[in-house]
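Q: Curious how this folds, go ahead:
(one chain, ligands or ions: 2)
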Amino acid sequence: MSVPRAPLKPLDAALAELLGNAQPLEAIEWVSTFEADGRVLAQDIVSGLQVPSQDNSSMDGYAVRHADVLAAQHTATPLAVTQRIAAGSVGEALQAMSVARIFTGAPIPPGADAVVMQEDCDLIQAAGEPAHVLIKMLPALGQWIRRAGEDVTKGAVVLSKGERLTPASLGLAASIGINLLPLVRRPRVALFSTGDELVMPGDVAPELMKPGTIYNSNRFFLRALLVRLGCDVTDLGIVPDRLAATVDALQSAAQHHDLILTSGGVSVGEEDHIKPAVQTLGTLDLWQIAIKPGKPFAHGRVQEAHFIGLPGNPVSSFVTFLLLVRPFLLRLQGVAEVAPESIAATAHFTWARADKRQEFLRARRNQAGGLDLFPNQSSGVLTSAVWGDGLVDNPPGKTIAHGDVVRFIPFSELLG
Ligand code: AMP
Ligand code: MG
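A: Ligands and ions are numbered 1, 2, ... in the order given. Prediction:
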């Protein structure tokens, strides 16, 4: 009996439906700022102080009063160095016709209104005499002074709820004295692969692999991708191609996880048990998404847990994760803007065969400012995803001529 083919679903529609089901996790956990890279903020972070806290020098040199320098230059008089202010110490009010030796980061003493860098001064140091400097240039008012509050004002929201933290955000949080951050808890994800042909690297040596068997590669990149997205991953290994085993695996995974993610077994072949197994325990939609690679995609629920089934072909699995699972997991963590940014880039290749599906071609930027294409775009050739540094997002029905401007999504937008 032939199974009627479901109509192809556009990627945008699939993504919108998937995101519509991603109710953001509510639990907050307080995590050391050191450990928060890549995680999502659960609350706004408001600054309790201004940064810098006071005017300070951005150079090693001399803090001066502009008017005094002007007066001294008329008569070529050196100015007395009456104090020394290093970072971490505080100076005193600047006396008339004097300067303060000052170092980068040190507070500007009251009365000073500019800093002259030491390279623009001649130090005059006679034995037993106080030091003087001859200033060889007229500083602009405010020169080399970092103003109080120029980075952060008191009461400002420096980082916002739903924002994913980067190394720079951790530094900014630290600069306002934050050592613990309120984060959305990590999504708990159960991961398993299906397929009787799969063997784990390390279990069987390459020269002893039986015909018909392959190593489980999806498990490695899926787990790494999940970890990069801040997930707590339970790796349930390989589930054999049997209905009862698949049902058991799903049932136990549903207990403690927000998402069950599988690869393989989502086609409608006799060895594809994901569909009936999920239907036994919950609900399932099996989609044929209009993308290449990556057409079959399943999603639904197993009890309280979300379920997503990725195709087995490695590149299909990889690409559908990046385009669908990644935004889903970010939205689950409360991130509003989950779409990757594409950039315009010039094709230094031709693509003569238009497809009715939206294609995601593995390509990389070259030194000449264009894009080269990996020669083999088969969904089984994982080398393409290692060689490439992003995906050309090619609309349905489109060929590409050398020199055409195409949309390119760098992996930096997708893998972080
Ligand atoms: P399936 O979606 O189960 O029909 O699998 C499609 C193709 O992907 C088959 O060639 C499988 O052998 C292959 N495949 C499935 N799972 C994996 C995996 N975890 N690692 C590598 N290849 C896989
Ligand atoms: Mg299979």
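Q: Spit out the contact partners of the nearest residue to residue 334 once chain neighbours are set aside.
A: Nearest residue to residue 334, sequence neighbours excluded (C-beta to C-beta, 6 or more residues apart in numbering): residue 24, at 4.1 Å. C-beta: built from backbone N, CA, C; applies to glycine. Going by C-beta atoms under 8 Å, 6 or more residues apart in numbering, residue 24 touches 184, 331-334.
Q: Please apply the same query to residue 395.
A: Here residue 395 is in contact with residue 358 (C-beta under 8 Å, 6+ apart).
Q: Against ligand 1, how distant is it?
A: Separation of residue 395 from ligand 1 (C-beta to the nearest ligand atom, to the nearest Å): 26 Å.
Q: So for that residue, what pLDDT did the model give?
A: According to the prediction, residue 395 has pLDDT 97.
Q: what does the stretch 51-200 of the chain have sitting close to ligand 2?
A: residue 195 (C-beta under 5 Å from the ion).
Q: And the helices in this protein, which stretches?
A: Assigned by DSSP state H, the helices in the chain fall at 11-20, 66-75, 167-175, 218-228, 243-255, 274-281, 314-320, 326-332, 383-387.
Q: rewinding a little: just put the contacts of residue 24 in TSV and tack on pLDDT, distance to residue 287 and neighbour count.
A: What follows is the contacts of residue 24, written out as TSV (pLDDT from 0 to 100; distance: C-beta to C-beta, whole Å; neighbours: other C-beta atoms under 10 Å):
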residue	pLDDT	distance to residue 287	neighbour count
184	98	27	24
331	98	18	22
332	98	19	25
333	98	23	24
334	97	25	19
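Q: Can you tell me which of the helices of the chain is most buried?
A: Comparing those by mean neighbour count (mean count of other C-beta atoms under 10 Å), helix 314-320 comes out on top with a mean of 25.
Q: is that one anywhere near ligand 2?
A: No - Helix 314-320 stays clear of ligand 2 (C-beta under 5 Å from the ion), getting no nearer than 11.4 Å.
Q: Tell me who's in contact with residue 8.
A: 288-290, 295, 356-357.
Q: Is it possible to get CSV of these that adds neighbour count, pLDDT and distance to residue 343?
A: Written out in CSV, the entries for the contacts of residue 8 read as follows (neighbours: other C-beta atoms under 10 Å; pLDDT from 0 to 100; distance: C-beta to C-beta, whole Å):
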residue, neighbour count, pLDDT, distance to residue 343
288, 17, 94, 29
289, 22, 96, 24
290, 21, 97, 23
295, 20, 89, 26
356, 10, 95, 25
357, 21, 97, 22
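Q: ok, residue 128 - how many residues close by?
A: Neighbour count of residue 128, defined by other C-beta atoms under 10 Å: 4.
Q: picking that back up, which among the contacts of residue 8 gets closest to ligand 1?
A: residue 295 (10.3 Å; C-beta to the nearest ligand atom).
Q: For that closest one, give me its contacts.
A: 8, 288-289, 311, 316, 357.
Q: For ligand 2, state which of these is nearest.
A: residue 311 (9.3 Å; C-beta to the ion).
Q: Ligand 2 contacts on the stretch 201-350 of the chain?
A: 264-265, 312.
Q: same for ligand 1: which of those are within range?
A: Applying C-beta under 6 Å from any ligand atom to those, one finds that 264-265, 312 fall near ligand 1.
Q: Just among those residues, which is most surrounded?
A: residue 264 (27 neighbours).
Q: Now that one. Nearest residue, chain neighbours left out?
A: residue 312 (3.2 Å).
Q: Just the pLDDT for the one you found.
A: 94.
Q: Surely it and residue 271 touch.
A: No - the pair residue 312 / residue 271 is not scored as a contact, 10.4 Å apart, by C-beta atoms under 8 Å.
Q: Next one, pLDDT for residue 6 please.
A: Looking at residue 6, its pLDDT is 67.
Q: whoops, I mixed them up, residue 128
A: 89.
Q: can you tell me how far it sits from ligand 2?
A: Distance, residue 128 to ligand 2, by C-beta to the ion, to the nearest Å: 90 Å.
Q: Cheers, nothing more for now.
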